[in-house]
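Visitor: Predicted model follows, preceded by the sequence.
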Protein chains: 2
Amino acid sequence: MELRNLKIFVTVAGLQSFTKAADTPGYAQSTVTGQIQSLEEEWGGALFERLGRKVTLTRNGENLLLYAEQILKLSRAAERAMRINRKGRGLSCKRQVRKAGKLFCGQKPYFCKNRPSSIGLSQGAPGSFIVIHGFPEQAAGPVHILVF
Amino acid sequence: MELRNLKIFVTVAGLQSFTKAADTPGYAQSTVTGQIQSLEEEWGGALFERLGRKVTLTRNGENLLLYAEQILKLSRAAERAMRINRKGRGLSCKRQVRKAGKLFCGQKPYFCKNRPSSIGLSQGAPGSFIVIHGFPEQAAGPVHILVF
DNA sequence: TAAAAATACTCCATAGGTATTTTAT
DNA sequence: ATAAAATACCTATGGAGTATTTTTA
């Protein structure tokens, strides 16, 4: 499984068509078929149901799609961070975190047991994307926030 | 940038050595060098400082590392989900979410403005990993939780 | 000089393309 | 009959290995 596969997979899922998906990033139709097939081979089951000229996600496909979308979002964020830094006008990851706001986290165990731990982001930018580690038990550990 | 690159990159960062990193997954040392170089070429700058027989992350490298770790965690989770489902004894993503607990989200705008939006997970499993979309402004939209 | 990364080279797996066939409307 | 996916086949990029050279503690 590589990012290349997942990009094509998500495109096909969105357009419900191998052919249309091939147009978008300038691939050949057979390339799209091949990439999806290799994913399905690795998976060990179909990701799409081929219904004549309509293509729909199987249950497995839907399952993978959720992960694939997150992975690609993160990779785009990483690429953006790389691009920004190359131009020399970027923020370090820490600065970006600071810019996203402070993280508030209810860490008391009894609080976690009896009611939801409270976590909040102040001054969050629109479209923020938050990744929280080890929650709630290890919430006292390092918490990274990646802003998209 | 592909997952293959990132895996090697994270390994090198962890071991602070190209040679040791090559041993771990059974790569040749030159392969590790090549993968890192291609990442650096794509980035447009060094990810590691080569200090004789010690290798340390540059600022750019540290930046990328945070993203890479998240991406790889997600991809491992995706692979696990694929594997589980192939064996037919897996939970769908929705079931996994339900198992992770309910998400509570303070959605009122005035609440977001004046104090942290409150988000909590009840019955969270140890080592849970939470991904929250569009926060806080679009918190009313679909929220996916992927558990690792 | 000893240990680690870079380089040179080789090989081959596979990504990707073109052309064709199959399949289902 | 037509539109879309699968298949067959070909090419070439680049991933990965071996052997060697360079670099620096």
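Guide: Received, thanks.
Visitor: Need the pLDDT of A:Glu42.
Guide: pLDDT for A:Glu42: 90.
Visitor: Now it: which helix or strand?
Guide: helix A:29-43 (DSSP states H and E).
Visitor: Just the buried residues of that helix, please?
Guide: Under the neighbour-count criterion of 16 or more other C-beta atoms under 10 Å in any protein chain shown, helix A:29-43 has A:32-33, A:35-36, A:39-40, A:43 buried. All C-beta atoms are positioned from the backbone trio N, CA, C, and that covers glycine.
Visitor: Show me where chain A has its helices.
Guide: Counting by DSSP state H, chain A has helices at residues A:3-15, A:18-23, A:29-43, A:59-86, A:93-100, A:109-114.
Visitor: do you know which of those helices lies nearest chain B?
Guide: Chain B sits nearest to helix A:59-86 of all the helices of chain A, at 3.6 Å, using C-beta to the nearest C-beta.
Visitor: Could you list the buried residues of that closest one?
Guide: For helix A:59-86, by 16+ other C-beta under 10 Å, it's A:60-61, A:63-75, A:77-78, A:81-82, A:85.
Visitor: How about stretch A:11-19?
Guide: Quick answer for stretch A:11-19 (16+ other C-beta under 10 Å): A:11-13, A:17-18.
Visitor: need those residues in TSV with distance to B:Val55 and pLDDT, can you?
Guide: As requested, these are exported to TSV (distance: C-beta to C-beta, whole Å; pLDDT from 0 to 100):
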residue	distance to B:Val55	pLDDT
A:Thr11	37	95
A:Val12	40	96
A:Ala13	40	95
A:Ser17	46	94
A:Phe18	43	95
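Visitor: picking up where we left off before, out of the helices of chain A, flag the one nearest B:Ala28.
Guide: helix A:3-15 (23.0 Å; C-beta to C-beta).
Visitor: is the closest one up against DNA strand D anywhere?
Guide: No: Helix A:3-15 does not reach DNA strand D (C-beta under 7 Å from any atom of the strand); its nearest approach is 7.6 Å.
Visitor: Quick check: bridge partners of the nearest residue to A:Gln16 once chain neighbours are set aside?
Guide: Using C-beta to C-beta, 6 or more residues apart in numbering or on different chains and skipping residues adjacent in sequence, the residue nearest A:Gln16 is A:Val55, 5.2 Å away. With DSSP bridges as the criterion, A:Val55 is bridged to A:Arg50.
Visitor: List the residues that contact A:Val55.
Guide: Listed by C-beta atoms under 8 Å, 6 or more residues apart in numbering or on different chains, the contact partners of A:Val55 are A:12, A:16-18, A:48-49.
Visitor: Contacts for the helix holding A:Glu42 next, please.
Guide: A:1, A:4-6, A:8-9, A:12, A:18-19, A:21-22, A:46-48, A:60, A:64, B:82, B:86.
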